[in-house]
Structure formats: C-alpha cells, structure tokens
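> mind looking at a prediction? Sequence and model below.
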Amino acid sequence: MSRRPDHLPARPTWRCRACGIAWPCSPAKLRLLAEYRNDRAALLVHLAAVGVEAAVDLGVSASSAGLRERFTGWASAR
C-alpha cells in the first residue's frame, strides 16, 4: 500500500510535496486552520516565521506583498 505524501513544503522551492503548487496549498491551509483552530494568533506567528524562512530560501524580501499574502494574508481574520 503506497501512502500519498503530506501537503508539506519542499525546500528550497517552497512548493507542495504532494500537489506541486506554491505552499501553503489549499489542503495545507485547511490542515493548519484545523490545527490552530483555537489560537489564530499562534497560527499567524507560525506562518510569519515560516514565511521568513521561505524568503531566505527564495532570495526575496520577507516584507514583499506577494510573500506576505501567500503566508499570512489568507489566515488573517477578515
């Protein structure tokens, strides 16, 4: 029986190991929302830290609008 890979980032590209799109992909976002369902602030702190790691790996500014939206914008309370 083969197991499908989890929707985790592949470094240094920060693409999903399972589906190949930019991480966090939709399944990863759903998993993160469930995991942090009782602590949105902790989710945002975690995503900001991961976003900084991604910026280093990708050679871009952590404050760039695209990277900020990709990692934390979707999780912010609307």
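Okay, I see it.

> what about the helices in the chain?
26-35, 40-58, 65-71 (DSSP state H).

> nearest to R11, out of the ones you listed?
Nearest to R11 among those is helix 40-58; the distance by CB to CB comes to 5.6 Å. C-beta: built from backbone N, CA, C; applies to glycine.

> in that closest one, what counts as buried?
For helix 40-58, the neighbour count (16 or more other CB atoms under 10 Å) marks L43, L44, H46, L47, V50, G51, A54, A55 as buried.

> between those residues, which is nearest G20?
For the buried residues of helix 40-58, the nearest to G20 is A54 (16.0 Å; CB to CB).

> show me what contacts the closest one?
P9, W14, L67, F71 (CB atoms under 8 Å, 6 or more residues apart in numbering).

> to G20, which of the helices of the chain lies closest?
helix 26-35 (12.1 Å).

> relative to helix 40-58, how tilted is the closest one?
140 degrees (axes from the mean of the first three to the mean of the last three CA atoms, to 10 degrees).

> ok so, going back, what's the most distant pair in the buried residues of helix 40-58?
L43 and A55 (18.5 Å).

> got the phi and psi for the residue nearest the centre of the chain?
By CA atoms, centre = their mean, the chain has its centre lying nearest to P24, at 3.5 Å. P24 adopts backbone torsions of phi -80, psi 130, taken as degrees, to the nearest 10.
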